[in-house]
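1. Next come a sequence and a model predicted from it.
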There are 2 protein chains.
Amino acid sequence: MNSDLNNWIIKEQNFDINKNKHYEGAFCQGNGYFSVRASFEEGLQGAGQGDIYERSFKSVTTEIQRNPISKWGTYVPTIMGSHPALNEVIINLPYFMDFSFSIQDEKLDMHQSTIVDYKRELNLKEGTLIREFIWIPKDNSCKIKLKYIRFASMEKKHLFVQRIEAEVLEGKALLSLESGIDGNVTTNGYNHFTEMNTNVISDIITLDCKTDIGNRVMELCNLQSKDINFNIIKDEKKILYKGDKAVSAGENYVFEKRSVILTDRDLEDGDLKERGLNLINAANISYEELYEEHRKVLEKKWGISDVKIEGNDKHQLSMRFSIYHLLRSNNEDDPRMAVCAKGFAGEAYYGRYFWDTEIFLLPFYIYTNPKAARNLLMYRYNTLEGAKENARSYNCNGARYPWQSSLRGDEQCSLWEYADNEVHITADIAYGIWHYFSATKDYDFLINYGAEILIETSRFWRDRVDKNKEGGYDLINIMGPDEYSAMTRNNAFTNRMVKFNLNKAMESLEIIKGKDEEAYKKLWNKLSISKEELELFKEIAEKLPVPMDKENNYILQSEDFEDYADINIQGIWKDKSKPFGFFATQEKLYRSKCLKQADALALTMLFKKEFTLEQITNTYNYYEPITTHDSSLSPVNHAIVASWVDNTEHLDKFTDYALALDFNERLGGAEEGIHIANCGCLWQLIMTGVAGIDTAMNETSLISTKTSLPKGWKKVEFKLIWQGKTYKIEAMENYTRINEI
Amino acid sequence: MNSDLNNWIIKEQNFDINKNKHYEGAFCQGNGYFSVRASFEEGLQGAGQGDIYERSFKSVTTEIQRNPISKWGTYVPTIMGSHPALNEVIINLPYFMDFSFSIQDEKLDMHQSTIVDYKRELNLKEGTLIREFIWIPKDNSCKIKLKYIRFASMEKKHLFVQRIEAEVLEGKALLSLESGIDGNVTTNGYNHFTEMNTNVISDIITLDCKTDIGNRVMELCNLQSKDINFNIIKDEKKILYKGDKAVSAGENYVFEKRSVILTDRDLEDGDLKERGLNLINAANISYEELYEEHRKVLEKKWGISDVKIEGNDKHQLSMRFSIYHLLRSNNEDDPRMAVCAKGFAGEAYYGRYFWDTEIFLLPFYIYTNPKAARNLLMYRYNTLEGAKENARSYNCNGARYPWQSSLRGDEQCSLWEYADNEVHITADIAYGIWHYFSATKDYDFLINYGAEILIETSRFWRDRVDKNKEGGYDLINIMGPDEYSAMTRNNAFTNRMVKFNLNKAMESLEIIKGKDEEAYKKLWNKLSISKEELELFKEIAEKLPVPMDKENNYILQSEDFEDYADINIQGIWKDKSKPFGFFATQEKLYRSKCLKQADALALTMLFKKEFTLEQITNTYNYYEPITTHDSSLSPVNHAIVASWVDNTEHLDKFTDYALALDFNERLGGAEEGIHIANCGCLWQLIMTGVAGIDTAMNETSLISTKTSLPKGWKKVEFKLIWQGKTYKIEAMENYTRINEI
């Protein structure tokens, strides 16, 4: 291996049918415009992708997934369909990677065929997926060495490139191949296509389809090989190049397939077919040229995003694996989308946006690609009308962001306990806005977009709080980040975030007034702001309580948390390879002192400087033993706080746990997609935990207050953009060096 | 009118298409074995009954009903189907009442045809539904007077009898008729039939079908008329007699149709076809004979069940209307079923059993038909295995009855907040058992069935309570009867009922020991009872709190009720013709001090003697103003307690309200079925409110402590069975006379 690629390549050494879905997610490729799961070009026998079945109404985490051995995924984030029960869901689009070999009656299949020397590698640095193996057909006629390489072009955002090399090692045979576009795909068992057409335009094959909400999607492919002639066959839903060739030992064949995917939702204008043909024709340059222009874009991204970890190669690789998915799943050019909860690497959570974006992902983009961060927040501005509608549906004024957001910003969650009660999302977005502004000083964003969101969300809070007998304010029936407490009273996390939201609405007005009097007046008029409402914002912000256990000096998750029952977590949790929630009913979880994930602790993560080290330590020590980490958002949050409270054992444990989540094939975490929020928060762990650098929310200047290298780590090196300047950070034992570059 | 029938007949004076569904429910007929909604024999144009559509997952009360102008209903309670999302649901069976006239191209239709002198009457005393009108066909060829009479035989439980009389008043015409069995029916838009066949056996037509859980249902009809010959035509789903006749002024025609319905779930054994033929042949006696044998059975039922109200004819009629439905919907011979929430008069609540049975219906049967009461409780014994399974699904021992019970006794409710939290149902059944035992001294039932339920349910409570720091016990995350508080702490109603359940488990053992030592030992061994568990039952029963506001001396609905927010009920409730819940979101209801229905007040209804009059008065005065009565169970409960606390204005108001609920066509309450629990509780109002007779739960002897006649009522007379003896009760102003008869 090229030594440049040391700790850049993830290898699958053997094919294991039970790990297939995990690798389909883990090895997902994409360029922000689209993502594709890492299914084999030829598919897998018995894993029909067009099955129709009924999806349950349960929450994503309790639903028993239909589990075929393989699940294709071809996603363009702005192409969503309408499911009668599940609402808006991302659509699994027609499969353009399709490519299969046959010899006699045997179709090559990784599970059924005789395969020798199998290996598959995801090259994180170059974004390529390479599969190599030797196929010995059942008729023993020959031995063929095959190599597949493919990438989603970072330069040409609609383009996917495949190259297949066949080397006949022994014998001779009639090699047949088929390759095209397969429209026989459903999304979670549901068909979202109302029309589908296939076509041939000179040597290009096309498939275009209409979705159930009326969008048009087009795919075009071009397959080339010097030595084989193809026929094209097609039906309504499938179009294929088909050819065969008598091959003999010593011969080599190369097949190149270029595919483009485009839609009528793209930012580009123009006729779909015309654009499609232009796109596929533009890809008619050499494979090497396509590869090089793609690689260069990715190289630039890595240049600012890479985190170098010395001392633990596994952690190094896994860290890069996380960053790879953060780079692959985000589209910094389209402000109508964000990064969905599964990083567009699977259909779980239906391609929707949660609080994950603002709290767990945004910091990575803020500090490595501010343009991308701004774009993510623009998605929220662009869905402000949906959020206003959502507030009205609760008989409230202002804007209430939905727990599961659609492209329009209306609520997609079909379970009331989350949709109604997990209101912190609205304040989380306010936090995200302020975090971005603090780190970038992007006044243009604050003046033209951010402040409006802050005001409108504050108006929602004004209506959502209840005034109590003592003249104070309460937030009642709240689900905080800990989803095992469904209806709490004055949840500390939520209340603190709401206070923040209200305060920043007022502060943003002051800032704008100081910066641009004209803009200030315009905003005041546009939103019909009144002094009285600002007074009320202030009063509520002051009076809303953040409950503390004063005697023991820790944060109370909620005012009523101590009323819950004790629960014997270890006694109930019979098998730690499964989530705790598998062994306890929801009813039991809801009334017991056990947490799905960090809640009060998440609060300390976001407002570190508001609490004393003793308070953070006490909070950590109180909640950590009763936290099940059934949510993937939890371990890395714990790792960060563990670093602050000098719990090195837990820093090591939770760092290792979070880095293994989607990376370790034994855990199989990537089956239904990537836990992209964990990826984002791992980067925060590097910045705020390992390097001890407080965010721009807590510090006005870039300083490190503490360095905490996990066990075995010698040094961590990464870059960071702070208010327009780029810094090189080196975290070494007991010391973090910060240098502007 | 026969003066005997004064205040026995409910009249519909004009046909109003918008009231049609209401009358289909209100005029529902049945005999316990089956029920039929009061649809017109010929149906209504445009009201297709075989439509397929998707049912929403929402709760029954928030769902927007598909609202065709008519909804047929033919129900045999033990014939349930399986819906992919809604679970077990009662099936709307093929329509055997089908009978239609045509002249030229015009099919008689109550909405489209020219109809004069329409009237329809439900004779409560004789269980007959009579429709009369004059039809003037569009071609003006003639004028025909038609009369339809029909009843579900109380003597022959599988038999439905129809008689149609046609008198040609003017002109002449070719009268065509069709009559048969129509299998083109869905249940709430879903087809539950997997097979359907029609057949002719001599002059009898048959339809048999198989349901999606494999039950077989057969219907047979026999249509007779002296003057007209019929052909029979059929397809797979419909079979019809068809005939026509040239008719002229002065002629009279009579048509008699007899239908039987039977299933392979019937208690009777034997081949379905053979049984069906025997049943239809047994009905081959004169109409007058069939009518008389039917009438006699009903007369006997009314003999013990009637409540005579002097002074308000509307209330008298409405009271009888309620009793009519209680008599019609209950099958005292089949211990595998109870009375569903809609009295088998509609598809809302899917034909399932709730707490309504034990708390609201059972007293009527206990005091007027103990055999029927025992049968209802035997349904719970017969579903004990389902309840045990349900407990296990919550990781608890013992038996946990489901909120919405299937025929097997497993949970059918698809909304977790009710299924998980509304646990009081289990203790309500214990209360029902004890109420029945106290009023009947049926030791056989207690020894062989009741005690086992009491022990097994107590075992569930032992596992469901949480022990707190002070060594006490709590019930956390409880929904009491008030469904606008979803997750409360120590709900007074539930806790008191659970204490009762535990105490009666122990007391039943003591009673059995004293009565039958052998049986006691047998039970002890069968259930592997241990002294330790009984000790624990006792400890929990003692320590579980029933929260009170000590300062103001009223029952606290739950320990956390005072933490809820004040809500401006009157300001929000813009239109009182709609439920309050229509104007407030569930989220707002769940965090506010507003009640859907009586909760603490229901507690006083069940445990009157445990509270002082002052406590009951304070409780009434505190909760009544914040109770929305969005549940139909609420008004009559309020009427009862209002009578106790001398709130005569409210006694009058709530009595009138409860009596109007399904009776008043303006309210349209019967559209989706009868609020049968309200019917049952109206009878309790007569006994415990108006006549002031405490139940056998509160008094060991039959006495009246107070008489409370609503305004305008002069006298109330009814009968009551108390520990085997029958009494005549006469409630007069300030005095209730009780005489054994």
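-> That came through fine.
2. can you count the residues close to A:Gly471?
-> Using other Cβ atoms under 10 Å in any protein chain shown, A:Gly471 is surrounded by 8 other residues. C-beta: built from backbone N, CA, C; applies to glycine.
3. ditto for A:Ile134
-> Per other Cβ under 10 Å, the neighbour tally for A:Ile134 reads 16.
4. Give me the three-state assignment for it.
-> Using DSSP: H, G, I helix; E, B strand; the rest coil, the structure places A:Ile134 in strand.
5. now do A:Ile511
-> Looking at A:Ile511 with three-state DSSP, the answer is helix.
6. For it, report the pLDDT, please.
-> We have a pLDDT of 98 for A:Ile511.
7. residues in contact with it?
-> A:443, A:446 (Cβ atoms under 8 Å, 6 or more residues apart in numbering or on different chains).
8. cutoff 10 Å now
-> A:437, A:443, A:446-447, A:450-451, A:504, A:520 (Cβ atoms under 10 Å, 6 or more residues apart in numbering or on different chains).
9. Turn those into a markdown table, columns for secondary structure and neighbour count.
-> Formatted as a markdown table, these follow (DSSP: H, G, I helix; E, B strand; the rest coil; neighbours: other Cβ atoms under 10 Å in any protein chain shown):
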| residue | secondary structure | neighbour count |
| --- | --- | --- |
| A:Phe437 | helix | 24 |
| A:Tyr443 | helix | 15 |
| A:Leu446 | helix | 24 |
| A:Ile447 | helix | 20 |
| A:Gly450 | helix | 29 |
| A:Ala451 | helix | 25 |
| A:Lys504 | helix | 25 |
| A:Tyr520 | helix | 20 |
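10. so which of these comes closest to B:Lys588?
-> A:Lys504 (26.4 Å; Cβ to Cβ).
11. Neighbours of the closest residue to A:Ser100 other than its chain neighbours, how many?
-> The spatially closest residue to A:Ser100, leaving aside those adjacent along the chain, is A:Glu42, at 3.6 Å (Cβ to Cβ, 6 or more residues apart in numbering or on different chains). Counted with other Cβ under 10 Å, residues neighbouring A:Glu42 total 21.
12. Hmm, A:Glu106 and A:Glu42 touching each other?
-> No - A:Glu42 lies out of contact with A:Glu106 (Cβ atoms under 10 Å); the separation is 11.5 Å.
13. Now list whatever residues contact both of those two.
-> Joint contacts of A:Glu42 and A:Glu106 (Cβ under 10 Å, 6+ apart) are A:Ser113.
14. What distance do you get for the nearest residue to A:Ala430 once chain neighbours are set aside to chain B?
-> Using Cβ to Cβ, 6+ apart and skipping residues adjacent in sequence, the residue nearest A:Ala430 is A:Asn501, 3.8 Å away. Using Cβ to the nearest Cβ, to the nearest Å, A:Asn501 is found at 19 Å from chain B.
15. for A:Asn501, what are its contacts?
-> Per Cβ under 10 Å, 6+ apart, neighbours of A:Asn501: A:424, A:426-431, A:433-434, A:453-455, A:457-458, A:460-461, A:537, A:541.
16. If any of those are buried, put those into a ChimeraX selection.
-> A single ChimeraX command selects the buried members of these (16 or more other Cβ atoms under 10 Å in any protein chain shown):
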select /A:424,426,427,428,429,430,431,433,434,453,454,455,457,458,460,461,537,541
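17. what's the residue of the stretch 551-700 of chain A at minimum distance from chain B sitting at in phi/psi?
-> Closest contact between the stretch 551-700 of chain A and chain B, by Cβ to the nearest Cβ, is at A:Ala565 (3.3 Å). When read as degrees, to the nearest 10, the backbone of A:Ala565 gives phi -90, psi 150.
18. separation between it and B:Asp420?
-> 15 Å (Cβ to Cβ, to the nearest Å).
19. Next: A:Lys706.
-> Distance from A:Lys706 to B:Asp420, by Cβ to Cβ: 45 Å.
20. Pick out whichever of these two has more residues nearby.
-> B:Asp420 (23 against 16).
21. Could you double-check that that one lies in contact with B:Asn390?
-> No - using Cβ under 10 Å, B:Asp420 is not in contact with B:Asn390; the gap is 11.1 Å.
22. joint contacts of these two?
-> Counting by Cβ under 10 Å, 6+ apart, the residues touching both B:Asp420 and B:Asn390 are B:403, B:411.
23. need the helices for the stretch 401-550 of chain A, in chain order.
-> In the stretch 401-550 of chain A, the segments counted as helices under DSSP state H, counting those that start in this stretch are A:416-421, A:424-440, A:443-445, A:451-464, A:492-515, A:517-526, A:531-543.
24. picking up where we left off before, could I get the contacting residues of the residue nearest to A:Ser100?
-> Contact analysis of A:Glu42 by Cβ under 10 Å, 6+ apart lists A:97-102, A:107-110, A:113, A:148, A:177-179.
25. Straight-line length of stretch A:463-475, end to end?
-> 10 Å (Cα to Cα, to the nearest Å).
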